[in-house]
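Asker: what follows is a protein structure lacking sequence information:
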């Protein structure tokens, strides 16, 4: 008997590769579709790789017909907020037209289950905290806009063509595979915790903190960090949910509580024994002071609970990839 | 000396062809780019036609390099609200990826002025009337969503690449060329006034009225009808505005007052001497009872004033295209 397969676009990337690992552990073969523009060949360890572009609808169609996956998990996207402001064309093309290309290949082949990598960036600057799924979605970056457009596309395809989907709105993904097989490598690295670890390891001069005069407990921005293995697990649960006949759904993936920049630096100090050298910069436009999820819907609908998302575990699992030993 | 040219995508369509006529009268040659999927070859009377698809970025680029237009007016789009619910793929492809294709050709060639055909459908069901440009945009159809996404794209391209644009949010386009050269032909015809005239002329059995129990003066839906020649004029004014160095802008094009379905039928009766046979149907989902523009911003920024948009003129100019003589 052939193993059940799931297609993972962008499966050579950070969250995609961690999801592939959990699928494999569940006995589902992950078929990775990735152009390796930002993903890593070395992260494709759990199933075959089709190296191709998301805009290539024909090849997507052929890949689906060849592997006959039971669902697709769609990570492939450009994902730098700052770059999306400087080069929005790339974001509309890869994230909007790319998703359209995938959905059309699904339609063509009858593949009717899609799990989509969305983002809390679709909410923009939220009016109330924690952010529930009913909050109005008014993104403040092209990146957030393209993710929101893709969500609309999924909802419209569901009505028109009977697509079934779960859109997962990630808060801040962080950490790395607890078994050390997979890490987080971005080039350029723009995420806070990796940059802080690079600075702690002496690989960059200092960590830039954008604003230390916000109205938060210590003046620095508060975000909801969720461990990548927990995120990956949510994708597996979302597949189970759709396979069990669940309704179309958009849910937050967060822990429900926030950590400030300074709190994170203190955990890094404790876990690795290294102080993070910092420099304070002015606030960045569009950065809300605090952002954290209402996680109730994912708990209720998907039975999702984070298990690795305390900051010490996040730092402990991430540190080795930046040449730091975790002492705790 | 070569005449100044403006590229008109979708220039063989209803509003596009009327705009081409006014540009020609102003001494600007309209270069029509249209795949004739819904446009009419016979409506391309005022300049050359390039018969090609908006998704063909290469041919768009070649067309721009060949004709060196000073601006582009972008009408090319799929524009049936109902069809967009049934076949959203077509709308995301033509309206979102199509606009991206055009904007990339503009970027490639340095063409930096775009006038965009947007819609009051981007507002969805407005909370307050009249609808000002500051109203929140939450579309209720894929059509409205794709127009809104294109607006976001323009705004993002302006920031990133220095594009200059005016987005014109049409309320209900109606009427036909007062000189009788151009009319309104859609297949299928879904617009209210043409359908009413078809019914008055005996070419369809009856006009369907969707709901006569709304909270409006006579129970039927109220919309803001604006004459297509007035709309066309607004595009010429938008070009003047951009040529004069005006800032990026999104404005409503409406009259500021609404007409109910029954009021329109009464005008048709008076102008043509024909009663419109009607049948009352249930309300349609997503139809707000009343919708009309706050027209102040277009007046202020573009010096725009409608001149043909009283209902009698709308009906008088449209009637001949449906085989009806206007008696008034």
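Answerer: Yep, that arrived. Since the structure is predicted, the reported quantities are computational estimates derived from the model, not experimental observations. Numbering: from 1, shown residues only, chains lettered A, B, ... in the order given.

Asker: how long is stretch A:197-213 end to end?
Answerer: With CA to CA, to the nearest Å as the measure, stretch A:197-213 spans 23 Å from end to end.

Asker: ok, and for it, which residues are buried?
Answerer: Residues of stretch A:197-213 classed as buried: A:197-201, A:204, A:207, A:209-212 (neighbour count, 16 or more other CB atoms under 10 Å in any protein chain shown). Bear in mind the C-beta positions are built from the backbone N, C-alpha and C, glycine included.

Asker: among the residues you listed, which two are most distant?
Answerer: Spatial extent of the buried residues of stretch A:197-213 (CB to CB) is set by the pair A:201 and A:211 at 24.3 Å.

Asker: got CSV for the buried residues of stretch A:197-213, with pLDDT and secondary structure too?
Answerer: Converted to CSV, the buried residues of stretch A:197-213 look like this (pLDDT from 0 to 100; DSSP: H, G, I helix; E, B strand; the rest coil):
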residue, pLDDT, secondary structure
A:197, 95, helix
A:198, 94, helix
A:199, 96, helix
A:200, 95, helix
A:201, 94, coil
A:204, 94, coil
A:207, 96, strand
A:209, 96, strand
A:210, 96, strand
A:211, 96, coil
A:212, 96, coil
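
Asker: closest one of those residues to chain B?
Answerer: residue A:210 (19.2 Å; CB to the nearest CB).

Asker: so what's that closest one bridging to?
Answerer: Counting by DSSP bridges, residue A:210 is bridged to residue A:281.

Asker: residues in contact with it?
Answerer: A:221, A:281-284, A:287 (CB atoms under 8 Å, 6 or more residues apart in numbering or on different chains).

Asker: what's the farthest-apart pair in the residues you listed?
Answerer: Across the contacts of residue A:210 (CB to CB), the longest gap, 12.7 Å, separates A:221 and A:282.

Asker: who has more neighbours, the two?
Answerer: Ranked by neighbour count (other CB atoms under 10 Å in any protein chain shown), residue A:221 and residue A:282 place residue A:221 first, with 23 against 9.

Asker: check that one and give its pLDDT.
Answerer: Reading off the per-residue confidence, residue A:221 sits at a pLDDT of 96.

Asker: SS state for the closest residue to chain B within the stretch 201-328 of chain A?
Answerer: Among all residues of the stretch 201-328 of chain A, residue A:285 sits closest to chain B, at 11.0 Å; criterion: CB to the nearest CB. Here residue A:285 is coil, with the state taken from DSSP: H, G, I helix; E, B strand; the rest coil.

Asker: where does it fall, phi/psi-wise?
Answerer: Per-residue torsions, residue A:285: phi -60, psi 140 (degrees, to the nearest 10).

Asker: could you tell me how many residues sit around it?
Answerer: Residues within reach of residue A:285, counting by other CB under 10 Å, total 9.

Asker: joint contacts of residue A:221 and residue A:282?
Answerer: Going by CB under 8 Å, 6+ apart, residues that sit against residue A:221 and also against residue A:282 are A:210-211.

Asker: wasn't residue A:33 part of a strand?
Answerer: Yes - the assignment for residue A:33, made by three-state DSSP, places it in a strand.

Asker: pretty sure it sits against residue A:5.
Answerer: No - checked against CB atoms under 8 Å, the pair residue A:33 and residue A:5 is beyond contact range at 11.6 Å.

Asker: quick one: which of those two has more around it?
Answerer: Each of residue A:33 and residue A:5 had its neighbours counted (other CB under 10 Å), and the higher figure belongs to residue A:33 (31 against 19).

Asker: if I pick the more buried one, what's in contact with it?
Answerer: Neighbour list for residue A:33: A:7-11, A:49-50, A:52, A:54, A:60, A:63, A:76 [criterion: CB under 8 Å, 6+ apart].

Asker: CSV please, covering the contacts of residue A:210 and showing distance to residue A:38.
Answerer: CSV is the format used below for these (distance: CB to CB, whole Å):
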residue, distance to residue A:38
A:221, 25
A:281, 25
A:282, 28
A:283, 27
A:284, 22
A:287, 23
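
Asker: and the least confident of these?
Answerer: Of all the contacts of residue A:210, residue A:287 has the smallest pLDDT value, namely 86.

Asker: for the helix or strand where residue A:195 lies, packing partners?
Answerer: Residue A:195 belongs to helix A:192-200 when assigned by DSSP states H and E. Packing partners of helix A:192-200 (3 or more CB pairs under 8 Å, 6 or more residues apart in numbering or on different chains; DSSP states H and E): strand A:207-210, helix A:261-272, helix A:311-318.

Asker: what's the angle from the last one to helix A:192-200?
Answerer: Interaxial angle of helix A:311-318 relative to helix A:192-200 (axes from the mean of the first three to the mean of the last three CA atoms, to 10 degrees): 60 degrees.

Asker: what residues does helix A:311-318 touch?
Answerer: For helix A:311-318, the external contacting residues (CB under 8 Å, 6+ apart) are A:174-178, A:180, A:183-184, A:193-194, A:197, A:225, A:227, A:229, A:259, A:263-264, A:267-268, A:270-272, A:308, A:326, A:328.

Asker: next, give phi and psi for the nearest residue to residue A:161 once chain neighbours are set aside.
Answerer: Excluding its sequence neighbours, the residue lying closest to residue A:161 (CB to CB, 6 or more residues apart in numbering or on different chains) is residue A:107, at 5.7 Å. Main-chain dihedrals, residue A:107, degrees, to the nearest 10: phi -60, psi -50.

Asker: how about residue A:107, what does it touch?
Answerer: Residue A:107 makes contact with A:157, A:161, A:163, B:89, according to CB under 8 Å, 6+ apart.

Asker: if we use 10 Å, what do you get?
Answerer: A:61, A:157, A:160-163, B:89 (CB atoms under 10 Å, 6 or more residues apart in numbering or on different chains).

Asker: what's the answer for residue A:216, then?
Answerer: By CB under 10 Å, 6+ apart, residue A:216 lies in contact with A:222, A:258, A:260-263, A:289-290.

Asker: do you know the pLDDT at it?
Answerer: Predicted confidence (pLDDT) at residue A:216: the value is 95.

Asker: go on, residue A:2?
Answerer: If you check residue A:2, the pLDDT there is 68.

Asker: count residues in the vicinity of whichever residue of the stretch 151-300 of chain A sits closest to chain B, would you?
Answerer: Going by CB to the nearest CB, chain B is nearest to residue A:156 of the stretch 151-300 of chain A, at 3.8 Å. A count of nearby residues for residue A:156, using other CB under 10 Å, gives 23.

Asker: spatially nearest residue to it, not counting backbone neighbours?
Answerer: Sequence neighbours aside, residue B:88 is the residue nearest to residue A:156 in space, at 3.8 Å (criterion: CB to CB, 6+ apart).

Asker: what does residue A:28 give?
Answerer: Distances taken as CB to CB, 6+ apart place residue A:4 nearest to residue A:28, at 4.9 Å, with adjacent residues excluded.

Asker: would you agree residue A:250 falls within a helix?
Answerer: No - judged by three-state DSSP, residue A:250 forms no part of a helix; its state is strand.

Asker: how about the closest residue to it other than its chain neighbours, secondary structure?
Answerer: Distances taken as CB to CB, 6+ apart place residue A:167 nearest to residue A:250, at 4.1 Å, with adjacent residues excluded. Look at residue A:167: counting by three-state DSSP, its state is strand.

Asker: separation between residue A:167 and residue A:59?
Answerer: Relative to residue A:59, residue A:167 is positioned 25 Å away (criterion: CB to CB, to the nearest Å).

Asker: so for these two, which sits in the more crowded spot?
Answerer: residue A:167 (25 against 17).

Asker: mind listing what that one touches?
Answerer: By CB under 10 Å, 6+ apart, the contact set of residue A:167 is A:74, A:114-119, A:122, A:133, A:147-148, A:150-152, A:154-155, A:238, A:248-251.

Asker: one more pass at 6 Å, please.
Answerer: A:116, A:118, A:151, A:250 (CB atoms under 6 Å, 6 or more residues apart in numbering or on different chains).
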